[in-house]
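Student: Show me how the following folds:
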Amino acid sequence: MGDMVLLPNGAEVAIINGAADGTAGWESAKTPAYAPVVYRPDHSPGDRFEEQNAAGVARLYHSSAVLLCDGRLLVGGSNPHTYYNFSNVQFPSDLSLEAFSPEYLDTSNDMLRPRILDPSPTGAPATVGYGATMVIRFLVPALARRRRGGRAGCLGDVSVTMVAPSFTTHSFAMNQRLLFLDVTKNVAVRGRAGTFSASVTMPATAVLAPPGYYMLFVVRDHIWSTATAATSTGRTGTTYGA
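Tutor: Predicted structure coming up:
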């Protein structure tokens, strides 16, 4: 019973917690899955699962995982017993929390990581209706180097995703949802090296984006930004940067 979480680039799934054999609960599992796995369904057979660095805590039955705005996973909990049992067992109940950082959050990618400038979490929120278009401004630090005499480089593949934050446990989350927004135009901002303006189209209806909270990510070549917050009201549309 590993917990499966959709990652912000929409191309990968993190499988974390659980056990490698038996069942994760009721004293059955003897081999905790310490190492998270990243699943890439679009890769060729034999190259779809990649094991990550192992954690030091056995997170078996009743563990959970939550996607954070910076793309990390907050993982916590474990109770493979009928009741809480904190002593005299191989795998005691555990109430601790820790964060897992996928490889794209490595500091070596900091200059490649997009930074959303507007709508900004520190500025005024922007409201847009279902099916309407909104402009998102973002910076790619590596492409700003032309100010020092270098070439700007290629923007590459850019997408914008909306992710409903979910509480993932017992292998999945019933409200887990990731939406790709249509990017209709993406242009460089004149006079601001490395800054781009993307026009994106919102989900058409509340059926696609039910009322609730979302995280908006800009993704460049599979590397995601820190998210800005979004709220879908289910009536007029969505407010960003709230």
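Student: Excluding covalently adjacent residues, which one is nearest to G56?
Tutor: Y34 (7.2 Å; Cβ to Cβ, 6 or more residues apart in numbering). All C-beta atoms are positioned from the backbone trio N, CA, C, and that covers glycine.
Student: Could you do S101 as well?
Tutor: Using Cβ to Cβ, 6+ apart, the nearest residue to S101 is R72, at 5.1 Å.
Student: again, but for V89
Tutor: Distances taken as Cβ to Cβ, 6+ apart place H81 nearest to V89, at 6.9 Å, with adjacent residues excluded.
Student: And L216, what's its pLDDT?
Tutor: At L216, the model reports a pLDDT of 90.
Student: Distance check, S64 against R177.
Tutor: To R177, S64 is 17 Å away according to Cβ to Cβ, to the nearest Å.
Student: Spit out the contact partners of the residue nearest to V89.
Tutor: Going by Cβ atoms under 8 Å, 6 or more residues apart in numbering, H81 touches 26-27, 89, 93.
Student: how does it look with 7 Å?
Tutor: By Cβ atoms under 7 Å, 6 or more residues apart in numbering, H81 lies in contact with 27, 89, 93.
Student: Let's see which of those end up in strands.
Tutor: Among these, no residue falls in strands (DSSP state E).
Student: thinking again about what came up before, so the residue nearest to V89 lies in a strand, does it not?
Tutor: No: residue state for H81 (DSSP: H, G, I helix; E, B strand; the rest coil) corresponds to coil; a strand is not indicated.
Student: Next, find the distance separating it from D42.
Tutor: Separation of H81 from D42 (Cβ to Cβ) stands at 39 Å.
Student: Could you report the pLDDT at the residue nearest to V89?
Tutor: pLDDT at H81 comes out at 83.
Student: got it, and A124?
Tutor: The predicted local confidence for A124 is 67.
Student: do the same with the one 4 residues further on
Tutor: As summarised for this prediction, V128 has a pLDDT of 79.
Student: Just the buried residues of stretch 73-93, please?
Tutor: Within stretch 73-93, the residues scored as buried using 16 or more other Cβ atoms under 10 Å are 73, 75-81, 91-93.
Student: V163 reaches G10, doesn't it?
Tutor: No: between V163 and G10 there is no contact under Cβ atoms under 7 Å: 8.7 Å.
Student: joint contacts of those two?
Tutor: Shared contacts of V163 and G10, defined by Cβ under 7 Å, 6+ apart, are found at L178.
Student: neighbour-wise, which of the two wins?
Tutor: Taking neighbours as other Cβ atoms under 10 Å, V163 and G10 compare with V163 leading, 25 against 17.
Student: More neighbours: S64 and R177, which one.
Tutor: Counted by other Cβ under 10 Å, S64 and R177 do not tie: S64 has more neighbours, with 20 against 17.
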